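Colleague: sequence-free structure coming up:
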DNA sequence: ATTTGTGCAAATCGTTTGCATCTGA
DNA sequence: TCAGATGCAAACGATTTGCACAAAT
């Protein structure tokens, strides 16, 4: 576990009003210590356990939702049965690899959507998601 | 229940290799008798029961998946917890009304996606889904 | 008669929650 | 000290499945 990144994660948590507990630091380090990631709660829990840390799955779920509220991660409800959390909070879209239920970023410059219709009366657009579904050629 | 449409649905089922049973006809009529629809299994089951028909929820699920295999409906795993089935099988996209977990079609002419990147090695694009998420203004 | 479909209840899967216990400021 | 966090197990909602019974060709 990298002390330097734990220190900065500790800061981020503090600023988000979250106490930097041992398990939040562990999960934060796994999430933010290696560039952009797409993780399910299950996967993140498995990684923590594999790293020899004691964290319950319930805490992983709670923590991911707290991180989401704090704007540290984005939740992706893209299909498949599991929910993914994306450590890249900026505007971008995704490849979804169907037979692996895995996500890959598409850089934001890539895609442009033209011809969006007016939303129905009294509604506003909160987000436009583009998912490019892929399968083996 | 409309005899004429039941007859044609009966034909469609036969051609798809599905026996036109009572419950398939009921569900088919509810699905295809009123233009394009987005239904969850739960909703469709409720409609069948409300129409005085005896169908189990398990059969609704089974039937929707059979219809999907037959190309009569498309499955939409767009987020939220439930899966929707769309009776409009042609190419089009969706508004997703977040606080109602409801879907509305966007006509296919509406949206154009430009700048799609190359899929990774050995993969091909099966589908591009655009979901425009809406909330109350 | 044989194959296929159906209903029910139990099983599964991902996720959430209640609550007693622990921990960090 | 003591609000806030954690772990566990039970609760949950959506979906699937196993199997005895019923219906279609």
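Modeller: Looks like it arrived, so ask away. Quick caveat, the model's predicted, so the values are computed rather than measured. Residues are numbered from 1 along each chain as shown, chains lettered A, B, ... in the order given.
Colleague: switch to C-alpha atoms for all contacts and neighbour counts from now on
Modeller: OK.
Colleague: can you pull up the bridge partners for residue A:76?
Modeller: With DSSP bridges applied, residue A:76 shows beta-bridge pairing to residue A:84.
Colleague: now do the helices in chain A.
Modeller: Using DSSP state H, the helices of chain A run over A:3-15, A:22-32, A:41-50, A:57-69.
Colleague: what about the shortest one, near DNA strand C?
Modeller: To tie it back to what came earlier, the one meant is helix A:41-50. Yes - applying C-alpha under 7 Å from any atom of the strand, one finds helix A:41-50 touching DNA strand C at A:41, A:42.
Colleague: what of stretch A:73-83?
Modeller: Yes - applying C-alpha under 7 Å from any atom of the strand, one finds that stretch A:73-83 is in contact with DNA strand C at A:81, A:82, A:83.
Colleague: hmm, stretch A:24-44 in reach of DNA strand D?
Modeller: Yes - Stretch A:24-44 lies within reach of DNA strand D by C-alpha under 7 Å from any atom of the strand, at residue A:24.
Colleague: can you pick the most crowded of the residues of stretch A:73-83 next to DNA strand C?
Modeller: Within the residues of stretch A:73-83 next to DNA strand C, neighbour counts (other C-alpha atoms under 10 Å in any protein chain shown) peak at residue A:83, which reaches 19 neighbours.
Colleague: and the pLDDT at it?
Modeller: According to the per-residue confidence, residue A:83 scores 96 in pLDDT.
Colleague: can you count the residues close to residue A:50?
Modeller: 10.
Colleague: quick one: residue A:36 and residue A:86 touch, right?
Modeller: Yes - with contacts defined as C-alpha atoms under 8 Å, residue A:36 counts as touching residue A:86 at a distance of 7.3 Å.
Colleague: what about the two, which has more around it?
Modeller: Set side by side, residue A:36 and residue A:86 show unequal neighbour counts under other C-alpha under 10 Å, the larger going to residue A:86 at 21 against 14.
Colleague: am I right that the more buried one is in contact with residue A:71?
Modeller: No - applying C-alpha under 8 Å as the test, residue A:86 and residue A:71 come out as separate, 10.7 Å apart.
Colleague: how about low-confidence regions in chain A?
Modeller: Of all residues in chain A, those with pLDDT under 70 make up the ranges A:1-6.
Colleague: which strand in it has the most residues?
Modeller: For chain A, the strand reaching the highest residue count under DSSP state E is reported as strand A:123-136.
Colleague: how far does it sit from its chain's centre?
Modeller: Relative to its chain's centre, strand A:123-136 lies at 16 Å (C-alpha atoms, centre = their mean, to the nearest Å).
Colleague: got the contact list for that strand?
Modeller: Where contact means C-alpha atoms under 8 Å, 6 or more residues apart in numbering or on different chains, the residues beyond strand A:123-136 that reach it are A:78, A:93-99, A:119, B:119, B:122-137.
Colleague: out of these, which are buried?
Modeller: Listed as buried from the contacts of strand A:123-136 are A:78, A:93-98, B:124-125, B:128-135; burial here means 16 or more other C-alpha atoms under 10 Å in any protein chain shown.
Colleague: near chain B, which residues of chain A?
Modeller: Proximity of chain A to chain B, by C-alpha under 8 Å from any C-alpha of the partner chain, involves residues A:77-80, A:106, A:110-117, A:119, A:122-137.
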